[in-house]
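# give me coordinates for this.
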Amino acid sequence: MSLRRTRNAIIEFLREEDGPTAVEYAVMLGLIIAVAVGSVQFMAAQTIQSFEDSGNAIAGAFN
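The predicted structure follows:
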């Protein structure tokens with residue numbers, strides 16, 4: 001391969017927008033997954049606390 005063809009291939013590779021777009025989508029997917037996992041953990045903790053509060057209120061009613 002000649003130096004000119006190599007240089008043109010590198011320039012064309014740098015001009016393509018497929019790579020950065022894929023990286024942007026990967027970052028967005030990572031953020032979406034992080035928010036989803038955080039939301040599920042938060043809701044699980046709140047649900048557990050709600051059941052504990054209800055159980056304590058019911059137990060307190062019988063004392």
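
# helices along this protein, start to end?
3-15, 18-61 (DSSP state H).

# least reliable of those helices by average pLDDT, please.
Comparing those by mean pLDDT, the weakest confidence falls on helix 3-15, with a mean of 82.

# what helices or strands is it leaning on?
Where contact means 3 or more CB pairs under 8 Å, 6 or more residues apart in numbering; DSSP states H and E, helix 3-15 is not packed against any helix or strand. All C-beta atoms are positioned from the backbone trio N, CA, C, and that covers glycine.

# before we move on, the earlier item: make TSV from the helices of the chain and add mean neighbour count to it.
Output for the helices of the chain, formatted as TSV (neighbours: other CB atoms under 10 Å):
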stretch	mean neighbour count
helix 3-15	9
helix 18-61	10
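
# closest to the centroid, which residue in this protein?
The chain has residue 33 as the residue nearest its centroid, 2.5 Å off, counting by CA atoms, centre = their mean.

# how close does it sit to residue 48?
Counting by CB to CB, to the nearest Å, the gap between residue 33 and residue 48 amounts to 23 Å.

# ditto for residue 55
Distance from residue 55 to residue 48, counting by CB to CB: 11 Å.

# again with residue 28
The gap separating residue 28 from residue 48 is 31 Å, by CB to CB.

# same check, this time on residue 54
If you measure residue 54 against residue 48 using CB to CB, the figure is 11 Å.

# same deal with residue 11?
Counting by CB to CB, the separation of residue 11 from residue 48 is 58 Å.

# again with residue 9
From residue 9 to residue 48 the distance is 58 Å (CB to CB).

# residue 8 too?
Taking CB to CB as the measure, residue 8 and residue 48 are separated by 62 Å.

# kindly report the same for residue 39.
Residue 39 sits 15 Å away from residue 48, going by CB to CB.

# try residue 25
In this structure, residue 25 and residue 48 are separated by 35 Å, where distance is defined by CB to CB.
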